[in-house]
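Asks: with the input below, show me the fold.
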Amino acid sequence: MTITISRRGAIGLGLAAALAPLAAPGVLRAAPAKTLRVGWQKGGLLGLVKGSGAFEQALADQGISVSWSEFTSGPPLLEALSANALDFGYTGNVPPIFAHAARGNLVFVGAGEGSREGHAILVPKDSPIQKVEDLKGQTVAFKRGSSAHYATIKLLRAAGLTLDDIKPQDLAPPDAIAAFDAGVIGAWTIWDPYFASAEARPNTRVLITTEGLEPDYNFYSANADYARENPELIGRLVKTVQAVGQKGQADLPATIATFSKETGLPAPVIQRFLTRKGSDLGLVGFIEPKHVAYEQALADEFLKLGIIPRQLDIASVVWTPTAGQGA
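Replies: Down below sits the predicted model:
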């Protein structure tokens, strides 16, 4: 079964849910000049930025305040960003592909690199499923348009299977957890920190992780109009995220404590995903050719599989800093 996305379908990925916590008169109008609206997720570096107050400190000299909105996955976050309900946000590798396929009004502004074992397919502890090949005919949950979507494709392919060999079910992490516990899905593909949290549960077994597969890049995006109108500010934001990441990597005990307080996740869960092989919070910067090539290849593959409806030109939706903008 192939999951195909149209523009209308892409917008339906979660815009209403994304805007619910932001609902207010005029929410779709341009952001006030003195407010930066940021979308974050529990597993991203922006949680540490939020907990440290780094954006507020970096923008204080301009009198800019910061408002934060939490999302459970990338697709609705980018829907809100494209709809001008946010200015800046972080997601995994796949959500921007879906957003740009739907002609979203956003641009890539920065990138980071996560652990290659930060995604996994989970099964119930007593499940008869022992290898990926056993997923054939099974209901496998993952959030459509998320990094887990691509992880599922890659892990199935390595075992000689495709999405047509399973029964995909589009579930956001909170719904997937409930379905997993109720036994109504055979497996669940998920990313950190949800992976680390579920991994610690006695009813869960890790079937396979993405260790050994290609790099896992994550991306910082901005509303295209906001980036065009505030280039110096965008440069400052990316450099601030980089500085917070490097400082956080150098003092993991303090970082774990801050992350735990900000996200509400237990410290052992935070420690687990921050210490996976290859994890480094400091690997953040502006978009480089390797990131463009990576996302272009991903977009081309999704087009070939019939998952997105049109060819994308990733280089055309990349914001590049100039001298004085953080370059």
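Asks: low-scoring stretches of this structure, by residue?
Replies: In the prediction, the chain carries residues with pLDDT under 70 at positions 1-33, 323-327.
Asks: spell out the residue ranges of the helices in the stretch 1-150 of the chain.
Replies: In chain order, the stretch 1-150 of the chain shows helices spanning 7-11, 15-19, 46-52, 54-59, 74-82, 95-101, 147-158, with DSSP state H, counting those that start in this stretch as the criterion.
Asks: looking at these, which is buried most?
Replies: The densest packing among the helices of the stretch 1-150 of the chain, expressed as mean neighbour count by mean count of other C-beta atoms under 10 Å, is seen in helix 74-82 with a mean of 29. Using the backbone N, CA and C atoms, a C-beta is placed for each residue, glycine as well.
Asks: CA atoms of that one as CSV?
Replies: Once non-C-alpha atoms are left out, helix 74-82 reads as follows in CSV (Å, rounded to 0.1, in the frame of the first residue of the first chain):
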residue,chain,number,x,y,z
GLY,A,74,7.2,17.8,12.3
PRO,A,75,4.4,17.8,9.8
PRO,A,76,1.9,20.0,11.8
LEU,A,77,4.8,22.2,12.9
LEU,A,78,5.7,23.0,9.3
GLU,A,79,2.1,23.5,8.3
ALA,A,80,1.9,26.2,11.0
LEU,A,81,5.2,27.7,9.8
SER,A,82,4.0,27.8,6.2
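Asks: number the chain from 39, please
Replies: Will do, 39 is the new start, and the previous item becomes helix 112-120.
Asks: now that helix against helix 185-196, angle please.
Replies: Here helix 112-120 points in a direction 140 degrees away from that of helix 185-196 (axes from the mean of the first three to the mean of the last three C-alpha atoms, to 10 degrees).
Asks: quick one on the thing from earlier: mind checking which of the helices of the stretch 39-188 of the chain is nearest residue 213?
Replies: Nearest of these to residue 213, taken as C-beta to C-beta: helix 53-57 at 11.2 Å.
Asks: for residue 348, find the nearest of the helices of the stretch 39-188 of the chain.
Replies: Nearest to residue 348, of all these, is helix 133-139, at 6.2 Å by C-beta to C-beta.
Asks: picking up where we left off before, format the helices of the stretch 39-188 of the chain as a markdown table; extra columns: distance to residue 208.
Replies: Putting the helices of the stretch 39-188 of the chain into a markdown table (distance: least, C-beta to C-beta, whole Å) gives the following:
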| stretch | distance to residue 208 |
| --- | --- |
| helix 45-49 | 11 |
| helix 53-57 | 13 |
| helix 84-90 | 25 |
| helix 92-97 | 32 |
| helix 112-120 | 10 |
| helix 133-139 | 12 |
| helix 185-196 | 9 |
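Asks: which one of those helices lies nearest to residue 341?
Replies: Smallest distance to residue 341 across those (C-beta to C-beta): 8.4 Å, for helix 133-139.
Asks: contacts for the closest one?
Replies: Outside helix 133-139, the residues within contact range by C-beta atoms under 8 Å, 6 or more residues apart in numbering are 43, 45, 48, 51, 111-113, 115-117, 119-120, 144, 146, 183-185, 257, 259, 333, 336-337, 340, 346-348, 350, 352, 355.
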